[in-house]
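>>> The sequence isn't on hand, but the structure is:
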């Protein structure tokens, strides 16, 4: 490792012209991260950082090779760097971080180069150089290295300072410590010690560099010293993992035990840590953990006996991992990426797809090895040798790329940004594509591209078999072009050689039994800008229809046989279609008969209409049939789910009771638990419970802490959950721990005393919401509970008074319209009928007729 400071030079003009984005300093964490990266690039082995988030300001000192005195004048100038050309051992090469800090703070750089006895210093004040020369005695360095002091960050931006007044300093400290640990575990900070202090000199983080023989891996050393065993658990539960595929390599560590928060989730891309935990890569890994048995615990009753078949996700359900990702080089002139990847760790296009695929497989195999039963995801299958079929978007992207002529190759089509290039890598699940950025379609560009290439058509090998015989003697291709494009196309898998018929609208596939015709080749010469495909023949929908119904003998046998496992499905209830047409005259009456399904309904349900609804009866002890008006003048028949309706009524009553609890009033005796609940907690959980104790008191949760050992004793709980916690005490400590971790990650929300319960609803702790929803569901009217007509009417009237009457506590729809009954018949004028007129004439009611 070289100890000579490299020269600081400006970037070549050709490089500057290709830089399409710049480094910005949006937060104090980013500023600290940029300077630590510079220190690591300078071959530092020890870092000392002092941070004052309230000002905001910080000072960073390292023992790197320093800055040559003659080149100190270039520090703070845009596009000047000592790390060009780019190298894998450097974090950057653009020369923008110090320039951004010089423009938005008072920046002081003091450095002593290797082999020099004196220290030099330069100072910037919000974009102006105010000093450069020999460092004063109090700031001189005793050994080679650099000290960078940043004061009054964003002091020239009053708006930024105003926003920072409400910043959660504890949360910002946690982000700073996490980004430092991520940089040390990125692969470029190996065996680098770090000491972090606050403005009062108290140590916040200490990482000791390992000298001599290493006793444990460096990543585990950083985790243990930086977070403690209370957070990362036993080091023996961390396992080394490695994977490689399609130019992507992943290595790192995954813990077989869970955590209650996402604080120990680190991902690095090409040596750059991802600061945000909400990237596409983090979400994909966490989704696989969530869809498995990881963190599942058994439910127990009040005596501590496990319930039969009772399992649920516990508090420690979050995965802990440190993964370093290396993928194919991207365009270094761009900072940022897709899928939420930010800064220098941005990943786009094929790299993002390949990284997500390999992450899926790596985490899936880890969970499978530990018998956590992960759910099948995306392109991952239980058998590694079985390759999933190519998806429709990949088929479209492949055909367009093959159809593009060589002269048009430099042009990037809109599909290139959304569809990944055709490689042998497996495609990720389509549900994840919506979160990947894609270029918008440009009609003008597509029209010009079609004009250059000329009108072309797509010819597919092995056209679909058509059962329709055309008698038209005209050219078959011409006739098909005039018709609507077919929804079914033929496609041959290039890997297996098998042919399939693919529905371009739904994505359904069906294998073609006959072998492909010898000598045929696929020719893709048409552009897919309009996403339409013309084929030589149409395959009718009947070709993919379901098999015919069984014979009479089988139907009689099934009707008499009683399935011991599943009951046979009951026939559909006949219903009157919405488009019922009736023609009535003196000679005939024509009406459409009853059918087993209704047509599209017209009109929407309204709360005012529900308040005036007329209950008809209970149906099958499960639903309530009612007549009500919606947005139209015609009444409609509505089926109301009695369980969902009762659940909605109960959950709003419970939420209203919970939100009306005031923290300034003395504790309600009815909130006291039957017996004080005492639990043993870790030192970290005890610190969090002490920190957020006032937040729990706002919701009627009271407890006391005692040490040593660390224990928490719960005295009071809200009435809505007290009874259940008395029967299942484990729920009380899970409620406390879950909410502590939520407050640590998301911060504290202010609660206004004058707000209504509806406005406070979003502020209720999530664990309390889950318990309230569960209680409302368990105590509601169930299916198969018979109700009288009076009880049905009362239930509907109470439902109409709810704030959200059309869904249950879990978001399920509580009612559904069946059909409209049609507008009421117009009122007839008295004497307008023929019979009444004839009677009046017979009785002499019309004087004119009597005279005749």
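Sure, I can see it. Everything numeric in this text was worked out from a predicted model, so none of it was measured.
>>> Output the longest helix belonging to the protein.
helix 349-369 (DSSP state H).
>>> If you count contacts, what does it end up packed against?
Using 3 or more Cβ pairs under 8 Å, 6 or more residues apart in numbering; DSSP states H and E, the elements in contact with helix 349-369 are strand 238-245, strand 248-255, helix 280-290, strand 321-326. (Glycine included, C-beta is placed from N, CA and C.)
>>> Could you export those to JSON lines, including columns for mean neighbour count, mean pLDDT and distance to residue 79?
Listed next are those as JSON lines, based on neighbours: other Cβ atoms under 10 Å; pLDDT from 0 to 100; distance: least, Cβ to Cβ, whole Å:
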{"stretch": "strand 238-245", "mean neighbour count": "15", "mean pLDDT": "94", "distance to residue 79": "36"}
{"stretch": "strand 248-255", "mean neighbour count": "20", "mean pLDDT": "94", "distance to residue 79": "32"}
{"stretch": "helix 280-290", "mean neighbour count": "20", "mean pLDDT": "91", "distance to residue 79": "31"}
{"stretch": "strand 321-326", "mean neighbour count": "22", "mean pLDDT": "93", "distance to residue 79": "27"}
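>>> Make CSV from the ones you listed and add distance to residue 498 to it.
Listed next are those as CSV, based on distance: least, Cβ to Cβ, whole Å:
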stretch, distance to residue 498
strand 238-245, 24
strand 248-255, 28
helix 280-290, 30
strand 321-326, 34
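>>> Strands of the stretch 151-300 of the chain, start to end?
Using DSSP state E, counting those that start in this stretch, the strands of the stretch 151-300 of the chain run over 193-197, 203-207, 238-245, 248-255, 265-269, 272-273, 296-300.
>>> Figure out which of those strands is closest to residue 282.
Nearest to residue 282 among the strands of the stretch 151-300 of the chain is strand 265-269 (6.3 Å), distances taken as Cβ to Cβ.
>>> so what strands line up beside the closest one?
Using DSSP bridges, the strands paired with strand 265-269 are strand 272-273 (antiparallel), strand 321-326 (parallel).
>>> Need the ones you listed in JSON lines (columns: distance to residue 178).
Converted to JSON lines, these look like this (distance: least, Cβ to Cβ, whole Å):
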{"stretch": "strand 272-273", "distance to residue 178": "9"}
{"stretch": "strand 321-326", "distance to residue 178": "12"}
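>>> Tell me which of the ones you listed sits nearest to residue 550.
Here strand 321-326 is closest among the strands paired with strand 265-269 (Cβ to Cβ), at 52.9 Å.
>>> Give me the angle between that closest one and helix 349-369.
140 degrees (axes from the mean of the first three to the mean of the last three Cα atoms, to 10 degrees).
>>> Can you list the neighbours in contact with strand 321-326?
185-187, 219, 223, 241, 248-255, 264-271, 281, 285, 355, 359, 362-363 (Cβ atoms under 8 Å, 6 or more residues apart in numbering).
>>> Can you give me the first-to-last residue distance of stretch 51-68?
27 Å (Cα to Cα, to the nearest Å).
>>> Only the buried residues of it, if you could.
Buried residues in stretch 51-68, defined by neighbour count with 16 or more other Cβ atoms under 10 Å: 51-53, 55-68.
>>> In strands, which of the residues you listed appear?
51-52, 57-62 (DSSP state E).
>>> any chance you could map the helices in the stretch 701-850 of the chain?
719-727, 730-746, 757-760, 766-778, 789-800, 834-842, 847-851 (DSSP state H, counting those that start in this stretch).
>>> same question, the stretch 51-200 of the chain
Using DSSP H, counting those that start in this stretch, helices in the stretch 51-200 of the chain cover 97-104, 158-163, 169-184.
>>> Which strands and helices lie in contact with the first one?
Under the contact criterion of 3+ Cβ pairs under 8 Å, 6+ apart, the helices and strands touching helix 97-104 comprise helix 28-41, strand 106-112.
>>> 7 Å - rerun?
Counting contacts by 3 or more Cβ pairs under 7 Å, 6 or more residues apart in numbering; DSSP states H and E, helix 97-104 packs against helix 28-41.
>>> related to what we said a few turns ago, return the most buried member of the helices of the stretch 701-850 of the chain.
helix 730-746 (a mean of 20; mean count of other Cβ atoms under 10 Å).
>>> what mean pLDDT does it have?
For helix 730-746, mean pLDDT rounds to 90.
>>> With stretch 822-840 instead?
64.
>>> Please apply the same query to stretch 690-704.
On average, stretch 690-704 scores 90.
>>> Same check on stretch 48-68?
For stretch 48-68, the per-residue pLDDT averages 93.
>>> again, but for stretch 375-389
48.
>>> cool, and stretch 790-804?
93.
>>> For that stretch, give me every contacting residue.
Applying Cβ atoms under 7 Å, 6 or more residues apart in numbering, the contact partners of stretch 790-804 are 607, 610-611, 613, 615, 618, 624, 626, 640, 642, 645-646, 648-649, 652, 758, 805.
>>> Counting neighbours, show which residues of the longest helix of the chain come out buried.
Result for helix 349-369 [16+ other Cβ under 10 Å]: buried residues 349-364, 366-367.
>>> Next, the angle from it to strand 238-245.
Going by the same axes, to 10 degrees, helix 349-369 makes 140 degrees with strand 238-245.
>>> Now helix 349-369: average pLDDT?
89.
>>> where in the stretch 601-750 of the chain is pLDDT low?
Low-confidence segments of the stretch 601-750 of the chain, defined by pLDDT under 70, are located at 601-603, 661-670.
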